[in-house]
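Undergrad: here are the coordinates; sequence isn't available:
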């Protein structure tokens, strides 16, 4: 359904501007002087930004495919290329049988949802009216738009709030209205950019079930973009991990996690602990430490350790060698989130 070969994207350098700076225009002389200053500043372009580098992917029809990576890894740029909203600087490919050099045709075969863009809603209309109006704008008959609107409202859990104006909805509800609009169009490909951001746990699970079950059952291929792997681990067939604009690895969640065989993850919370004084033990392979602000003096630790019987004791002794006490200690098997944020971080730096 989607074929990408050697995709790269470079954005030109951003111009330095006076955005946010007040210009004093009290009189012709001051106006001319400030205009000249603005011209000097905006004449200095910044360096080009390399967002993607040699990305090659193949996504099968009917697949639920995840794109993971930290902020700034190129996820949104890649999905906008798939949606026909951006043209790659290098590379070739096709989306739903349409070659990359025909972006308008691609856009007709793709539903792209960025749930952070709820400012595009019609605030004078209700949730139901927003969705049905979008269907009519897309060329649906009145009857079909109404039927699809009712289905979409049920899919995203908004039937009870269908008659509320956009101004009466919470941010999470507005995001679900955006998602419902995309569900009206039964396009071959659905691209979801951060679909669960801002949703409460109940509606988050509802949206994830929609992605995992409803859309594939309709014959749609789903690409989900997220920087939090825990939300996607149980719903995707395969996933790709990006970092620094490069594709690090792609495969099923089990295949990706298999690279962490022989390790365990320790999650600890300590109180009043300083920098460990002892040498880091060989059982500890990676350490992430987060200081929690507040009067309690809590520190959160995430350690990747060897899967050995003495690893927990050695890690705990090392952490507490700087003083303090352990408040909470938990041990678990590696998850997909650990692949994204843990071991692969060292692979990128090599």
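TA: Here it is on my side, so go on. Here the structure is a predicted model, which means the values were calculated and not measured.
Undergrad: care to break the chain down by domain?
TA: 52-257, 260-349 (automatic domain parsing).
Undergrad: mean pLDDT lowest for which of those?
TA: Of all the domains of the chain, the minimum mean pLDDT falls on domain 260-349 (a mean of 86).
Undergrad: For residue 334, list the residues it contacts.
TA: Contacts for residue 334 were tallied using Cβ atoms under 8 Å, 6 or more residues apart in numbering; they are 257, 260, 263-265, 304, 342. Heads up, the C-betas are built off the backbone N, CA and C, glycines and all.
Undergrad: Reformat those as a markdown table; add secondary structure, distance to residue 82 and neighbour count.
TA: Converted to a markdown table, the contacts of residue 334 look like this (DSSP: H, G, I helix; E, B strand; the rest coil; distance: Cβ to Cβ, whole Å; neighbours: other Cβ atoms under 10 Å):
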| residue | secondary structure | distance to residue 82 | neighbour count |
| --- | --- | --- | --- |
| 257 | helix | 25 | 19 |
| 260 | helix | 29 | 21 |
| 263 | strand | 34 | 21 |
| 264 | strand | 36 | 20 |
| 265 | strand | 32 | 19 |
| 304 | strand | 33 | 21 |
| 342 | helix | 27 | 20 |
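Undergrad: which one of those sits closest to residue 163?
TA: Proximity of the contacts of residue 334 to residue 163 (Cβ to Cβ) peaks at residue 257, which lies at 45.1 Å.
Undergrad: which residues does that closest one contact?
TA: 334-336, 338-339.
Undergrad: mind listing which of those are in helices?
TA: 336, 338 (DSSP state H).
Undergrad: Could you pull out the strands in the stretch 1-150 of the chain for me?
TA: Listed in chain order, the strands of the stretch 1-150 of the chain (DSSP state E, counting those that start in this stretch) span 2-11, 49-59, 64-68, 90-95, 98-99, 110-114.
Undergrad: ah, wrong one, I meant the stretch 251-350 of the chain
TA: 263-271, 284-291, 298-306, 325-332.
Undergrad: Any chance you could list what contacts the first one?
TA: Applying Cβ under 8 Å, 6+ apart, the set of residues contacting strand 263-271 from outside is 285, 296-307, 311-312, 315-316, 319-320, 324-335, 338, 342-343.
Undergrad: likewise the last one?
TA: With Cβ under 8 Å, 6+ apart as the test, strand 325-332 has contacts from 264-273, 298, 312, 316, 319-320.
Undergrad: Find the pair from these with maximum spatial separation.
TA: The widest separation within these (Cβ to Cβ) is 25.7 Å, between 264 and 272.
Undergrad: Give the buried residues for stretch 52-71.
TA: 52-53, 55, 57, 59, 62-69 (16 or more other Cβ atoms under 10 Å).
Undergrad: so who does the residue positioned nearest the centre of the chain touch?
TA: Centroid-nearest residue in the chain, with Cα atoms, centre = their mean: residue 226, separated by 2.6 Å. With contact set as Cβ under 8 Å, 6+ apart, residue 226 has these partners: 66-68, 75, 194-196, 232.
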